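**Q** next one to model:
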Amino acid sequence: MRVSNFAVAAIAPLAFATQVAIADSHGKAVEYRQAVMTTYGWNFKPMGAMVNNKAPYDAEKFKHHATDLAAAAHLDLLSGFPEDSEHEESDVKSEIWLNWENFEQKYRNFQEKAAALNAAADSADLDKIRPTFGATAKTCKDCHKAFRE
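**A** From the prediction side, this is the model:
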């Protein structure tokens, strides 16, 4: 019996430390994915204001934001969603891990549309940019509708 108690006493701290490490890595993953999403918003919102005539259109600023959004879209956002990384500070639905392939596809769609928006911004013609901006915004809305609280 002493050997059993000793084994439990020796293993218990390791099991606890493993759980703490997993919780910590999940917390870091949440921080990462939220930071990436904040970067998307930082660039997307000013473009949206210009597209929706809520801010003056500035082709140079728009292009700058479109370029940064396209670059940020290439960050590995998916690594910020390790399995079971639901967190009280995150709005992610558990459906994300149940429908991982769908989530990946929605992310790929966003990446493609962000690249297309960046290319459209080269024209500096807001009337040509608007439909591409709308298509990019739709990818965000589709993913949030499916996977965000």
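
**Q** so after the helix or strand Lys45 falls within, what's the next helix or strand?
**A** Counting by DSSP states H and E, the element that carries Lys45 is helix 2-51. Later in the chain than helix 2-51, the nearest helix or strand by DSSP H and E is helix 59-72.

**Q** and that next one, what does it pack against?
**A** Where contact means 3 or more C-beta pairs under 8 Å, 6 or more residues apart in numbering; DSSP states H and E, helix 59-72 is packed against helix 2-51, helix 100-121, helix 126-147. All C-beta spots, glycine's among them, are computed from the backbone N, C-alpha and C.

**Q** where does pLDDT dip in this structure?
**A** 1-25, 86-89 (pLDDT under 70).

**Q** how close does the most centrally placed residue in it sit to Leu69?
**A** Against the mean C-alpha coordinate of the chain, by C-alpha atoms, centre = their mean, the closest residue is Met37 at 4.5 Å. According to C-beta to C-beta, to the nearest Å, Met37 and Leu69 sit 12 Å apart.

**Q** highest mean neighbour count out of the helices and strands packed on helix 59-72?
**A** A comparison of the helices and strands packed on helix 59-72 by mean neighbour count, using mean count of other C-beta atoms under 10 Å, puts helix 100-121 on top with a mean of 18.

**Q** mind giving me the packing neighbours of that helix?
**A** Partner elements for helix 100-121 (3+ C-beta pairs under 8 Å, 6+ apart): helix 59-72, helix 126-147.

**Q** and these as TSV, adding distance to Lys113?
**A** Formatted as TSV, the helices and strands packed on helix 100-121 follow (distance: least, C-beta to C-beta, whole Å):
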stretch	distance to Lys113
helix 59-72	10
helix 126-147	4
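
**Q** tell me which of the ones you listed sits nearest to Ala114.
**A** helix 59-72 (4.7 Å; C-beta to C-beta).

**Q** report the angle between the closest one and helix 126-147.
**A** 30 degrees (axes from the mean of the first three to the mean of the last three C-alpha atoms, to 10 degrees).

**Q** now helix 59-72 and helix 100-121, what's the angle there?
**A** Using the same axes, to 10 degrees: helix 59-72 against helix 100-121 is 150 degrees.

**Q** just the buried positions in helix 59-72, please.
**A** Phe62, Lys63, His65, Ala66, Thr67, Asp68, Leu69, Ala70, Ala72 (16 or more other C-beta atoms under 10 Å).
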